[in-house]
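J.: structure for this input, please:
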Amino acid sequence: MAQIFDCIVIGGGFSGLAAGQILHNEQKSFLLLEARDRLGGRTHTRHFDDGKYVDIGGQWIGPTQDRMYRLATEHGIEWYETYNEGNNILDLNQVIKTYTGLIPKMDIASLINIDFVLKKLDRLAKKIELSNPWSNPNASTWDSMSLEAFAKKHCYTKNCYKVVRAGLETVYACELNEVSLLHALFYIRSGTNLNVLLSIKDGAQQHRIKGGMQPFAEKLAEKFQHSIRLNSPVKRIDQSKAVVSVSGDGFVYHAKHVIVAVPPVLIREIEFSPSLPLKKQQLLQKLSMGIVGKVFGVYEKPFWRSNGFSGQVVADENAPFQTLFDSSPADSSYGVLLAFCIANRAREFFSQNEQTRKKITLEYFERYFGKEAAQPIYYTDHCWADEAWSKGCYAGLYPTGAWTNFQNELARPTGSIFWAGTETSDVWYGYIEGAVRAGERAAHEVLNSLNP
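T.: Okay, here's the model as predicted:
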C-alpha cells in the first residue's frame, strides 16, 4: 500500500511554506507539491550574472506584519529601510512637479479633495469587521458599487481623480471598476488603513529583505527539503471518507488531509471528485487576478539620490507607469529604479515587444531623473499575468456582489481539504503577511482534525 501522508500541501509560495513549517515542527508526515521549478510563488528574485538582483515579485514588509518579522528573526533574515529621502515627483497633465511627503503639490481644491476622499475611504473601512465584512448594515450598498463609482462620485476635480486613481490602482493592482467598494474597504481595513498601504515610512513599503524575498522563502523550506517536490502541477484531487488522492502527470499521492495554497484562478483548473460545493465553484468563477508588471533599470549607483531625488514618482494615465520607487539594495552598491505598470497600463505596455518596452521605459526614466537614467547596466521587466502558475498579482479581486453573495466561502474547509493563500486571510489580504497567516491557520486546522 502506498504511503498515506498526514497532509499534502499544494503550492510552494509563502502560504504553503508557512503551513509546511508548522507540519514539520509538529512532526507530521507531509508532502509539498509545487508546479514551478522554484519555491517562492508570487515572490521571485531575479539574479544577473554579476550577482546583482531585483525582486520581480513581492518585496516589502512593514509595521503590524508580525508573522513576517517573526519568521525573519527565527531564520536569521535581515531587513533594511526602503530609501525615502529627497524630492518625490508628480507627473500630472504632462507637467512634472516635485514635492515631499505623501501627498503631491497641486492646486488647493484638488489637494483638499484628495484629503477628503482618502479620509472618507478610511472612515468607512474602520466600520468593516474583518472576519465578516458582509455583516455591515451598508454591505449590500457598498458591494453593489464599484470603487470606480465611489471615486467618480467623490472626486470633484479632474486632478484629484487622476492622482487618487493612480494611487488606488497601485494599491489594488486593477482598474477601479474591477472591484466592489466593499472589497476595497475590506482590503484597507485588512492592511490597517490607507495611509499604511500607501506609505513607506510606518507603512507597508517600509522594509525590504537583504538579498531578496525569494531566498527568504527558500530559507523557510530548508528543514523540510526532503518533503518538497518541484515541477509537480496538481491536476486532480479525489476525496473519499478515508483518504484524499492528489494526482498529476506521472504521480499519485495519498493523504489524510490536503491544504490548497494556490491563487483562486488556479484552483479552477484542478479537477475535484466529488465536485466542490456549488457556492465555492461560483465564487472561484467570479474572482479574477490583478494585473501587475514590474519594470527595472539597474545602474552603477543610485545617482538620483545625490541629485536630491527619492526615486519616487506618481504619474497620471499619460505615462505608462502609475508609480516608481528606489529599489536599490541595502548597501547601495548599485542603483535600482522600479516602475509599477498596472491594470490597463500593463495590458498596453506588455502587448509590445521587449525592445519597445525598454525604449519607452528609459525615455520616462530620463524624463524624471536626467540623462544618466537612459544608460542602465541592465533593463528587465516582468508581467505576472503572463505566469502560468500565478496568472496575475497581487491577489484575487472581489467584483460587485461577490462578498455579500459568497461571504467566506473561499476559506471554508471542504471535507478533508483546507484552503490557504493570501486570499483566504482576513488580515493583510493580498500581502505576503496574509499568505503566511493563511498557511499557518490552515495547518492548525489540519492539526485539529488529526488530533481532535
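
J.: mind listing the strands for the stretch 51-200 of the chain?
T.: 53-55, 60-61, 79-81, 87-92, 95-99 (DSSP state E, counting those that start in this stretch).

J.: check which residues of the fourth one are buried.
T.: For strand 87-92, the buried set under the neighbour-count rule, 16 or more other C-beta atoms under 10 Å, comprises 88-92. Every residue, glycine included, has its C-beta placed from N, CA and C.

J.: for the residue sitting nearest the centre point of the chain, what are its contacts?
T.: The centroid of the chain falls nearest to residue 394 when counting by C-alpha atoms, centre = their mean (2.9 Å). Neighbouring residues of residue 394 by C-beta atoms under 8 Å, 6 or more residues apart in numbering: 42, 58, 173, 290, 292, 422, 430-431.

J.: between these, which is closest to residue 225?
T.: Minimum distance to residue 225 across the contacts of residue 394 is 21.1 Å, recorded for residue 42 (C-beta to C-beta).

J.: quick check: the closest one vs residue 124, distance?
T.: 28 Å (C-beta to C-beta, to the nearest Å).

J.: just the helices in the stretch 51-200 of the chain please.
T.: Taking DSSP state H, counting those that start in this stretch as the test, the helices found in the stretch 51-200 of the chain are 66-74, 108-125, 139-143, 147-154, 158-172, 181-190, 194-198.

J.: just name the most buried of those.
T.: Comparing those by mean neighbour count (mean count of other C-beta atoms under 10 Å), helix 181-190 comes out on top with a mean of 25.

J.: for that one, C-alpha coordinates in PDB please.
T.: The C-alpha coordinates for helix 181-190 follow below in PDB (Å, rounded to 0.1, in the frame of the first residue of the first chain):
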ATOM      1  CA  LEU A 181     -16.400  49.200  -2.900                       C
ATOM      2  CA  LEU A 182     -16.900  46.600  -0.100                       C
ATOM      3  CA  HIS A 183     -13.900  44.700  -1.200                       C
ATOM      4  CA  ALA A 184     -11.900  48.000  -1.400                       C
ATOM      5  CA  LEU A 185     -12.900  48.800   2.200                       C
ATOM      6  CA  PHE A 186     -12.200  45.300   3.500                       C
ATOM      7  CA  TYR A 187      -8.700  45.500   1.900                       C
ATOM      8  CA  ILE A 188      -8.000  48.800   3.500                       C
ATOM      9  CA  ARG A 189      -9.100  47.600   6.900                       C
ATOM     10  CA  SER A 190      -7.200  44.300   6.400                       C
END
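
J.: tell me which of the helices of the stretch 51-200 of the chain lies nearest to residue 332.
T.: Of these, the one closest to residue 332 (C-beta to C-beta) turns out to be helix 66-74, at 20.9 Å.

J.: kindly export the closest one (C-alpha atoms) in PDB.
T.: Extracted in PDB, the C-alpha atoms of helix 66-74 (Å, rounded to 0.1, in the frame of the first residue of the first chain):
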ATOM      1  CA  ASP A  66       4.200  40.500  12.800                       C
ATOM      2  CA  ARG A  67       4.400  37.000  11.300                       C
ATOM      3  CA  MET A  68       6.900  38.100   8.600                       C
ATOM      4  CA  TYR A  69       9.200  39.900  11.100                       C
ATOM      5  CA  ARG A  70       9.000  36.900  13.500                       C
ATOM      6  CA  LEU A  71       9.900  34.400  10.700                       C
ATOM      7  CA  ALA A  72      12.700  36.700   9.500                       C
ATOM      8  CA  THR A  73      14.100  36.800  13.100                       C
ATOM      9  CA  GLU A  74      13.700  33.000  13.500                       C
END
